[in-house]
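**Q** Here's a sequence, model it:
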Amino acid sequence: MMGVSLGELRPDWSPADWPELAALGARCLAQQPEDRPSFRELAEELVRLEEGLRVSGAYARRSTVRRLAACGAWPDAACGGAYPQR
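**A** Modelled structure (predicted):
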């Protein structure tokens, strides 16, 4: 506990994995309380990050469905919603 309170121990979040979340985590652990986000700021930032994930996840799913449909491995409107017969 002393290491945390003295600012000597901190989680190691790789910004390469998710830079926005790593930056937010670092702000939450700031040594000076005035440098930390308020609960409202934290909630707003987390909602923004979640919305970004939902958008990017939806985009990735649409892209995957298009690729699978193009190779005949996904049911689509052209096949009446059923898998194509091989």
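**Q** Now do the buried residues in stretch 9-23.
**A** Trp13, Ala22 (16 or more other CB atoms under 10 Å). C-betas here are computed from N, CA, C, even on glycine.
**Q** longest helix of the protein?
**A** helix 39-70 (DSSP state H).
**Q** What values do phi and psi take at Arg27?
**A** phi -60, psi -40 (degrees, to the nearest 10).
**Q** circling back to that earlier point, can you point out the buried residues in the longest helix of the chain?
**A** Buried, per 16+ other CB under 10 Å, within helix 39-70: Glu45, Ala69.
**Q** what helices or strands is it leaning on?
**A** The contact analysis (3 or more CB pairs under 8 Å, 6 or more residues apart in numbering; DSSP states H and E) places helix 39-70 against helix 19-28.
**Q** The most centrally placed residue in the chain and Arg66: what is the separation?
**A** The centroid of the chain falls nearest to Leu53 when counting by CA atoms, centre = their mean (4.4 Å). Computed with CB to CB, to the nearest Å, the distance linking Leu53 and Arg66 is 20 Å.
**Q** Where does pLDDT dip in the chain?
**A** Confidence mapping of the chain against pLDDT under 70 gives the ranges 1, 4-5, 7, 59, 65, 68, 71-86.
**Q** can you do 90?
**A** 1-18, 29-31, 52-86 (pLDDT under 90).
**Q** so which helix or strand takes in Gly3?
**A** helix 2-5 (DSSP states H and E).
**Q** For Arg36, which non-adjacent residue is spatially closest?
**A** Spatial nearest neighbour of Arg36, excluding adjacent residues (CB to CB, 6 or more residues apart in numbering): Ala30 at 4.9 Å.
**Q** try Pro15
**A** Pro15 sits nearest to Ala22 (CB to CB, 6+ apart), 4.2 Å away.
**Q** Hmm, the one you found is touching Ser14, no?
**A** Yes. Counting by CB atoms under 8 Å, Ser14 is a contact partner of Ala22 at 6.7 Å.
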